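Student: coordinates only, sequence not included:
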């Protein structure tokens, strides 16, 4: 089943384009209901912002490459780069990306540091140091450590992968600025919390902190007027 939620896209010949967005799975819906009961602030988000769109990313190399693309830039910019990478033959496969010249990756929109990080990630998969199956079989902390050991990845990228690709329930990327901004707005805090304070704030949301993060991103997109899923057309 799909909710019909609107994603605003340029359309000079008519009304805005509407894309269908997926429901959360039943297990996640139960967690969202538990969060709403435990924290009324979280419980009000969907009433104001609409049903939560269920965002997913591919597993394995493409999902982690997408995390690199999204580092320190807006979702809109990341979506445009991802679209170009998707159209670049071989770019979403470890061996294929390693075979591409830097110029091809630069034309897709990757900066010099991100090209180096993408190649380091591709080498980790090509050499068998990382694999989709191995990561899926690890506990959260083990998987985060394995991913963060790759040059250019870091804890944030690893946690984003666990949340959107592996769909873990209790991962919380406390270093995410949008999450911090959303929490500050939702909780009427005097300032945006740092990672330590945000992680402390999220403790009562266990064992559903990943779902709380999804709700907070949804809230922030709503209050800032951003599309509910502006990366959908590029995946």
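Tutor: Good, I have the coordinates. On a predicted model such as this, the values are computed, not experimentally measured, just so you know. Residues are numbered from 1 along each chain as shown.

Student: which helices and strands does the strand or helix carrying residue 31 pack with?
Tutor: Here residue 31 sits within helix 26-38, counting by DSSP states H and E. Contacts defined by 3 or more Cβ pairs under 8 Å, 6 or more residues apart in numbering; DSSP states H and E place helix 26-38 against helix 40-43, helix 209-224. Quick note: C-beta positions are derived from backbone N, CA and C, even for glycine.

Student: Deepest in the core, which of those helices is it.
Tutor: Here the criterion is mean neighbour count by mean count of other Cβ atoms under 10 Å, and of the helices and strands packed on helix 26-38 the winner is helix 209-224, at a mean of 22.

Student: Check which helices and strands it sits against.
Tutor: Counting by 3+ Cβ pairs under 8 Å, 6+ apart, helix 209-224 packs on helix 26-38, helix 40-43, helix 45-49, helix 154-164, helix 177-186, helix 195-202.

Student: rewinding a little: next, the angle from the helix holding residue 31 to helix 209-224.
Tutor: 70 degrees (axes from the mean of the first three to the mean of the last three Cα atoms, to 10 degrees).

Student: Pull out the buried positions in helix 26-38.
Tutor: Residues of helix 26-38 classed as buried: 28, 31, 32, 35, 36 (neighbour count, 16 or more other Cβ atoms under 10 Å).

Student: min pLDDT across those, which one?
Tutor: Lowest pLDDT within the buried residues of helix 26-38 is found at residue 28 (93).

Student: quick one: that one and residue 55 touch, right?
Tutor: No - contact between residue 28 and residue 55 fails when scored by Cβ atoms under 8 Å: they sit 11.4 Å apart.

Student: Which member of the buried residues of helix 26-38 is positioned nearest residue 99?
Tutor: Distance to residue 99, by Cβ to Cβ, is smallest for residue 28 among the buried residues of helix 26-38, at 38.4 Å.

Student: Next one: the nearest residue to the closest one once chain neighbours are set aside from residue 36, what distance?
Tutor: Excluding the flanking residues, the one nearest residue 28 by Cβ to Cβ, 6 or more residues apart in numbering is residue 211, at 6.0 Å. From residue 211 across to residue 36, the span is 10 Å (Cβ to Cβ, to the nearest Å).

Student: just residue 66 next, same as before
Tutor: From residue 66 to residue 36 the distance is 29 Å (Cβ to Cβ).

Student: Leaving out sequence neighbours, find the closest residue to the most centrally placed residue in the chain.
Tutor: The chain has residue 160 as the residue nearest its centroid, 5.0 Å off, counting by Cα atoms, centre = their mean. The shortest distance from residue 160 to any non-neighbouring residue, by Cβ to Cβ, 6+ apart, is to residue 67 (5.0 Å).
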